[in-house]
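Participant: kindly return the folded structure for what I paste below:
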Amino acid sequence: MKRLSIAVALSLGLLACSGEMPVTQEAAPPKFATLVVAADQAAPSRGWDGVIEAVQQADLTAQTSGRVTQVLADVNSRVPAGAVLVRLSAVEQQAGTNTARAQLRAAEAQAIEAEKNYQRFAALGAGQYVARAQIDNARASRDAAMAARDAARAQVTQAAQQTNYTIVRAPFSGVVAKRLVEPGESVAPGQPLMTLYAPGALRIEVMVPQSQAAMIKQSGQANVQLANGEVVAATRVIVYPTADVATHSVTVRVELPTIAMAPTPGETAKVIFPFAANDNVAMQGNIRIPNSALVQRGELTAVYVMSGNEVLLRQIRIGNEIEGNVDVLAGLQRGEKIVLDPTAAMQWIQKQRATKAG
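Facilitator: Model (predicted):
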């Protein structure tokens, strides 16, 4: 009896090491929905996750100080180009403009007087009634007065621009993504006010291994799987010419076409790059099974495998997820049969164990 117990224990240990957990049934299992594992005949591909962003996006900031008097757009508001979004108080800015205009009038008067004075000295100099030095002094005074007038004009332009900064307008037609101020708040130059984006043109950037960058650039094609499962073909693929020095990854920018139910910036999506047959990808195709057949128990990923009248729970290692399917990197062989409904398999196994225990 002792020898029999040792033999059973050794057998169970060997089965555990093999990565399979068998369940022995006295009766044949029901006809589960199964799938015979085979190579996926679709073109080999690899995918990476990224975040969708708008091609045209702007973070609007205050360019002058003041107090917010009006906020005329809210989150999700569609605004045309040039629409007023935020108004700031303009008391100080308007006072600066008035001061600059007054200084300009004084400078213009001085310039006119200096010009007339020079003309008088020039006329007297023609008859040699005044010294040449006096004419030169009059000319220098005129030039200085004209320069002061020009500087005063520039001050008026600058002061007027500061007044214009108190009205924040939409630089393009778009949607308000963020509203960061409320009426009554004091703002300083550089403080964020709103974020605006144009919903029409979207793109996504992903980081790929440097070993794959050349193949992606040569292919120039990509498909994007959105969060709702829709797959669209990219209109343009741009591979950056340099790699990140820390991660040794290369950034790839993928531009999306116009989509009826367009995703919003910030959503995640998977970019799938097809590779040619001569690329460093398995020629015979990948083993690909439905996600629904997977069993997740903590960090363990497994599937139920049919072997005669036995149902084995086998651990596998998975790779990329593409369109509801997942690549199997290890743990399954072509020709094996897996159960597509792991819940039904588990329930039947538990039923058999309960019958046996009873």
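Participant: just the strands in the stretch 251-358 of the chain please.
Facilitator: Assigned by DSSP state E, counting those that start in this stretch, the strands in the stretch 251-358 of the chain fall at 268-274, 287-290, 295-297, 300-307, 310-315, 317-322, 325-330, 337-339.
Participant: in the sheet, which strands lie alongside the fourth one, parallel or antiparallel?
Facilitator: So the one you mean is strand 300-307. Strand 300-307 has its sheet partners listed here by DSSP bridges as strand 295-297 (antiparallel), strand 310-315 (antiparallel), strand 337-339 (antiparallel).
Participant: so what's Ile287 bridging to?
Facilitator: Ala39, Val328.
Participant: same question but for Arg169, I mixed them up
Facilitator: Beta-bridge pairing of Arg169 under DSSP bridges involves Val84.
Participant: now the strands paired with strand 300-307 as JSON lines including mean neighbour count, distance to Pro209 and mean pLDDT?
Facilitator: For every residue, glycine as well, the C-beta is placed using N, CA and C. Shown next, in JSON lines, are the strands paired with strand 300-307 (neighbours: other CB atoms under 10 Å; distance: least, CB to CB, whole Å; pLDDT from 0 to 100):
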{"stretch": "strand 295-297", "mean neighbour count": "12", "distance to Pro209": "27", "mean pLDDT": "83"}
{"stretch": "strand 310-315", "mean neighbour count": "18", "distance to Pro209": "26", "mean pLDDT": "81"}
{"stretch": "strand 337-339", "mean neighbour count": "20", "distance to Pro209": "30", "mean pLDDT": "81"}
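Participant: could you dump those strands to a markdown table with distance to Asn228?
Facilitator: Listed next are the strands paired with strand 300-307 as a markdown table, based on distance: least, CB to CB, whole Å:
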| stretch | distance to Asn228 |
| --- | --- |
| strand 295-297 | 23 |
| strand 310-315 | 31 |
| strand 337-339 | 27 |
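Participant: who's the nearest residue to Thr34 once chain neighbours are set aside bridged to?
Facilitator: Distances taken as CB to CB, 6 or more residues apart in numbering place Lys337 nearest to Thr34, at 4.9 Å, with adjacent residues excluded. Bridge pairing for Lys337 (DSSP bridges) gives the partners Val36, Met306.
Participant: now for the longest helix belonging to the chain, which elements pack on it?
Facilitator: Ranked by residue count, the top helix of the chain under DSSP state H comes out as helix 91-126. For helix 91-126, the packing partners by 3 or more CB pairs under 8 Å, 6 or more residues apart in numbering; DSSP states H and E come out as helix 132-164.
Participant: list the helices and strands the helix it packs on packs on?
Facilitator: Looks like helix 132-164 contacts helix 91-126 (3+ CB pairs under 8 Å, 6+ apart).
Participant: list the buried residues of the helix it packs on.
Facilitator: Applying a neighbour-count criterion of 16 or more other CB atoms under 10 Å, one finds 93, 96-97, 100, 103-104, 107-108, 110-111, 114, 117-118, 121, 125 buried in helix 91-126.
Participant: next: stretch 344-357.
Facilitator: Ala345, Met346, Trp348, Ile349, Gln352.
Participant: so what's the second one up against?
Facilitator: Shown here is Met346, whose contacts under the criterion CB atoms under 8 Å, 6 or more residues apart in numbering are Val295, Tyr304.
Participant: where in the protein is pLDDT low?
Facilitator: 1-30, 39-45, 275-286, 320, 322-323, 357-358 (pLDDT under 70).
Participant: what's the longest strand in it?
Facilitator: Scanning the chain for the strand with the most residues, using DSSP state E, yields strand 45-54.
Participant: I am finished for the moment; much appreciated.
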